[in-house]
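Engineer: heads up, no residue letters with this:
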C-alpha cells in the first residue's frame, strides 16, 4: 500500500530509528529493495531520480511500483528524489506518489522559499508530501547537484523557511556528500540535533553511502529519521552484473534472467544490512496505523 512519507518518518523519529530511502532505477532494483524490506519487516521509501523518471517514464514507474508492492505488507512510500524541475513534479504529483523532494538549492533564498511554498501548496492539494532542500548538499547525483557549496544557511533560517513554506521534511547539509567519499567526511550530527530543537519536521540525511553503522546511529540519535542510499545500490547492481558477465563470457553461457537474479541478490543483501544499521528491522508492525492511501 502506498503510504505517507511524512508519517513514516515522523513515526521513525518518535521511535528512535530511521526509514531507509533507497534509490531504484528499474524493475530489478525496485523489486529487490521491496523484497529486502518485506523480508526484514521494515518500512521502506522507494526513491526515483529525475534521470530515471526521464528514462523510464512516470506512468511506467508508477505502474511498476503498484505491481511490485501489491501483496506487500510492510509500509511502502514512493518518492521523487532531488528534483529542481517543476514539470517533473507536476507529473509525479498528478500520478499520486507519496512525496517529492523539491530541490531549490540552486536558487537564492528568496526564490527558493517562494517556489517551495508553491510546490507545497500544489502537492498538499493532491495529498502528496514535500521534502525541502534549500541549501545544497555537496556532490552530483544523476546529473543534479554541485561540488561547490553555493548556498548555506543557519538552522534558524532553515526552520523558519520550513515553517513559512509548510514543507513536511527537511534536508539540511550534515557534512555528507552524494556519491563515494573522496576524503573522510566531517559529519555534523550536532547540526541535526540543533535543527530538531527548532522544528518538529522530520530531518533527512543525504549521501549515506560509505558511512559506518556508528555514523548512522549518531545521526539517528540526533533526530534524523530518513536516510538516503543510492550509490551502494548502483555498486551492488553493477558489480554483480559485471561478475556475472565475466562468467558468461568464460562459459559462453548467456542468460539474462540469471544476470537479473545475481543483481537482485546483491542489492537485497546490501539493503538488508542498511535496514539493520538504521534500526528499521521489525518496525513494519508499528506503522500499520500510519497506512494512508494517497490516491
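Structural biologist: Yep, it's here. Predicted model, so just to flag it, every value in this text is computed and none were measured. Numbering: from 1, shown residues only.

Engineer: Which strand in this protein has the most residues?
Structural biologist: Ranked by residue count and defined by DSSP state E, the top strand of the chain is strand 76-83.

Engineer: gap between the next helix or strand after that strand and the chain center?
Structural biologist: Sequence-wise, the next helix or strand downstream of strand 76-83 (DSSP states H and E) is helix 86-95. Taking Cα atoms, centre = their mean, to the nearest Å, one finds the center of helix 86-95 at 17 Å from the center of the full chain.

Engineer: Ok, stretch 116-126 next?
Structural biologist: Using Cα atoms, centre = their mean, the offset of stretch 116-126 from its chain centre is 19 Å.

Engineer: do the same with stretch 253-270
Structural biologist: Distance of stretch 253-270 from the chain centroid (Cα atoms, centre = their mean) equals 23 Å.

Engineer: list the buried ones in that stretch?
Structural biologist: Buried positions in stretch 253-270, judged by neighbour count with 16 or more other Cβ atoms under 10 Å: 259, 260, 262, 263, 264, 266, 267, 268, 270. To be clear about C-beta, it is placed using only N, CA and C from the backbone, and glycine gets the same treatment.

Engineer: that older thread, give me the residues contacting the longest strand of the chain.
Structural biologist: The contact list for strand 76-83, computed with Cβ atoms under 8 Å, 6 or more residues apart in numbering, reads 1-5, 8, 21, 23, 34, 37, 43-50, 53, 62, 65, 69, 88-89, 92, 97-103, 131, 133, 141-142, 144-145, 228, 230.

Engineer: Okay, and which of those residues map to helices?
Structural biologist: Assigned to helices by DSSP state H, the following of the contacts of strand 76-83 qualify: 5, 8, 34, 37, 50, 53, 62, 65, 88, 89, 92.

Engineer: secondary structure element for residue 127?
Structural biologist: Residue 127 belongs to no helix or strand, assigned by DSSP H and E.

Engineer: So it is in contact with residue 96, correct?
Structural biologist: Yes: counting by Cβ atoms under 8 Å, residue 96 is a contact partner of residue 127 at 7.3 Å.

Engineer: ok, which stretches of the chain are strands?
Structural biologist: 19-24, 44-48, 76-83, 99-103, 129-133, 139-141, 144-146, 169-170, 203-205, 224-229.

Engineer: Serialize the ones you listed to CSV and add fields for mean pLDDT and mean neighbour count.
Structural biologist: Listed next are those as CSV, based on pLDDT from 0 to 100; neighbours: other Cβ atoms under 10 Å:
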stretch, mean pLDDT, mean neighbour count
strand 19-24, 98, 28
strand 44-48, 98, 27
strand 76-83, 97, 26
strand 99-103, 97, 27
strand 129-133, 97, 27
strand 139-141, 52, 18
strand 144-146, 48, 19
strand 169-170, 98, 23
strand 203-205, 98, 27
strand 224-229, 97, 28
